[in-house]
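Engineer: below: sequence and its predicted model.
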Amino acid sequence: MNSHIIFNRSKWSELRASVPMVLSDSDIEELRGINENMDTTEVEQIYLPLSRLLNLHVGSQQRKTEVLDTFLNKTNTHTPFVIGIAGSVAVGKSTTARLLKALLSRWENHPKVELVTTDGFLYPKKVLDERGIMHRKGFPESYDIRRLIQFVSDVKAAESNIEVPVYSHITYDITEEKQIINRPDVLIIEGLNVLQSGMDYPHDPLRIFVSDFLDFSIYVDAKTDVIEQWYIDRFLKFRSGAFTKPNSYFSHYTQLTEQQAVDKARNIWREINGVNLSQNILPTKNKANLILHKGKNHQVEQIWLRS
């Protein structure tokens with residue numbers, strides 16, 4: 001990892017400088033994922049320094065834009081700063097994305113922060129069934145990558161009122177709902193595939209990829225066996241929670257005994273999510289500008305910052 005500077009928690013936390021804590025305990029509770037161990041200390045030591053770093057990057061881009069505007073005799077060019085957050089299923093990237101959205105929106109020079117997940121750009125269930133790749137959901141071929149790239153391109157071009165498909169984890173499908181993105185200061189894109197390139201899409205050769213549009217990228221990391229256990233733990237919690245909701249695609253899992261549920265979750269991981277991680281997601285880790293490496297307790301133990 002010669003391309004990265006490695007920090008432990010203590011050294012990294014010193015880089016917070018004077019950034020104030022702007023989230024209450026109730027805010028953090030609301031942002032925390034179902035299987036996370038996020039608390040005030042974690043936010044102060046890990047995410048406030050990261051918020052400061054990202055704010056400096058956004059400010060740098062804004063100043064460069066002002067210089068170019070002056071040279072071209074233009075005014076108020078609006079170029080959103082795009083952050084990509086990648087990582088495995090169950091590693092906690094969604095919580096990281098929600099938390100950074102909350103923190104970054106508190107900075108006065110970029111108060112309008114939007115968050116989009118790439119789940120909305122999965123092909124609908126009907127298409128996946130027709131193509132016989134329902135079991136490959138989350139793999140590169142399950143995404144409408146052209147539509148995703150068009151979306152990011154429109155954001156970067158400062159287009160207004162861009163529609164984004166919304167995915168439901170309850171019905172396991174794309175819904176009729178649309179998320180509207182309207183010229184944000186910062187856009188966070190969270191998903192399994194945001195750091196992937198042409199090597200991951202041999203079936204759909206493109207010359208442009210989501211990673212080409214990112215101004216900063218983050219990879220949320222942990223050891224594979226640890227993530228597998230987190231996935232199983234989360235599956236068990238969903239079994240008594242989200243899986244019991246009306247129209248849940250996974251309602252049949254509520255009929256399993258606990259041991260059967262553990263076995264089922266482990267099989268899903270080892271046949272699908274673990275394979276996708278090793279083949280398509282983990283190889284993109286070193287492309288990230290910053291890697292958050294978590295320990296068994298879900299807390300970040302090391303931060304790797306690209307030098």
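Structural biologist: Yep, that arrived.

Engineer: list the contacts of the residue nearest the centre of the chain.
Structural biologist: For the chain, residue 190 is the residue whose C-alpha lies nearest the centre (CA atoms, centre = their mean; 2.4 Å). Shown in contact with residue 190 (CB atoms under 8 Å, 6 or more residues apart in numbering): 84, 85, 86, 93, 94, 96, 97, 115, 116, 117, 118. No exception for glycine: its C-beta is placed from N, CA and C like everyone else's.

Engineer: pLDDT value on the residue nearest to it when sequence neighbours are not counted, please?
Structural biologist: Leaving aside its sequence neighbours, residue 190 sits nearest to residue 97 (CB to CB, 6 or more residues apart in numbering; 3.9 Å). If you check residue 97, the pLDDT there is 97.

Engineer: doesn't residue 87 make contact with residue 97?
Structural biologist: No: counting by CB atoms under 8 Å, residue 97 stays clear of residue 87, with 10.0 Å between them.

Engineer: find residues that contact each of these two.
Structural biologist: With CB under 8 Å, 6+ apart, residue 97 and residue 87 have no common neighbours.

Engineer: out of these two, which sits in the busier spot?
Structural biologist: When neighbours are counted by other CB atoms under 10 Å, residue 97 and residue 87 differ, and residue 87 comes out ahead with 31 against 24.

Engineer: out of the contacts of residue 190, which is most surrounded?
Structural biologist: Once you tally neighbours by other CB under 10 Å, residue 86 ends up highest among the contacts of residue 190, having 30 neighbours.

Engineer: isn't there a strand covering that one?
Structural biologist: Yes: the assignment for residue 86 is a strand, going by DSSP: H, G, I helix; E, B strand; the rest coil.

Engineer: and it, what's its pLDDT?
Structural biologist: 98.

Engineer: tell me how far it lies from residue 188.
Structural biologist: For residue 86, the distance to residue 188 equals 12 Å [CB to CB, to the nearest Å].

Engineer: quick one: which of the contacts of residue 190 is nearest residue 220?
Structural biologist: residue 93 (4.4 Å; CB to CB).

Engineer: quick check: the closest one touching residue 86?
Structural biologist: Yes: taking contacts as CB under 8 Å, residue 93 lies within contact range of residue 86: 6.8 Å.

Engineer: joint contacts of these two?
Structural biologist: Common neighbours of residue 93 and residue 86 (CB under 8 Å, 6+ apart) are 190, 191, 220.

Engineer: now the helices for the stretch 51-200 of the chain?
Structural biologist: 93-104, 125-131, 145-156 (DSSP state H, counting those that start in this stretch).

Engineer: give me the residues contacting the last one.
Structural biologist: So that's helix 145-156. Residues contacting helix 145-156 (CB under 8 Å, 6+ apart): 79-80, 82, 116, 118, 121, 162, 164-165, 181, 184, 187, 189, 193, 201, 204, 206, 208-210, 213.

Engineer: list the buried residues in that helix.
Structural biologist: Buried residues in helix 145-156, defined by neighbour count with 16 or more other CB atoms under 10 Å: 145, 148, 149, 151, 152, 155, 156.

Engineer: how far out from the middle of the chain is it?
Structural biologist: 16 Å (CA atoms, centre = their mean, to the nearest Å).

Engineer: same check, this time on stretch 99-108
Structural biologist: Worked out by CA atoms, centre = their mean, stretch 99-108 lies 15 Å from the chain centre.

Engineer: swap in stretch 5-17?
Structural biologist: With CA atoms, centre = their mean, you get 22 Å for stretch 5-17.

Engineer: how far does it stretch from start to finish?
Structural biologist: In stretch 5-17, first residue to last residue: 19 Å (CA to CA, to the nearest Å).

Engineer: average pLDDT for that stretch, rounded please.
Structural biologist: 96.

Engineer: and that stretch, which residues are buried?
Structural biologist: So for stretch 5-17, counting by 16+ other CB under 10 Å, buried means 7, 9, 12, 13, 16.

Engineer: the residue nearest to the centre of the chain pairs with what?
Structural biologist: residue 85, residue 117 (DSSP bridges).

Engineer: measure it to residue 237 for me?
Structural biologist: 20 Å.

Engineer: same thing with residue 65?
Structural biologist: From residue 65 to residue 237 the distance is 44 Å (CB to CB).
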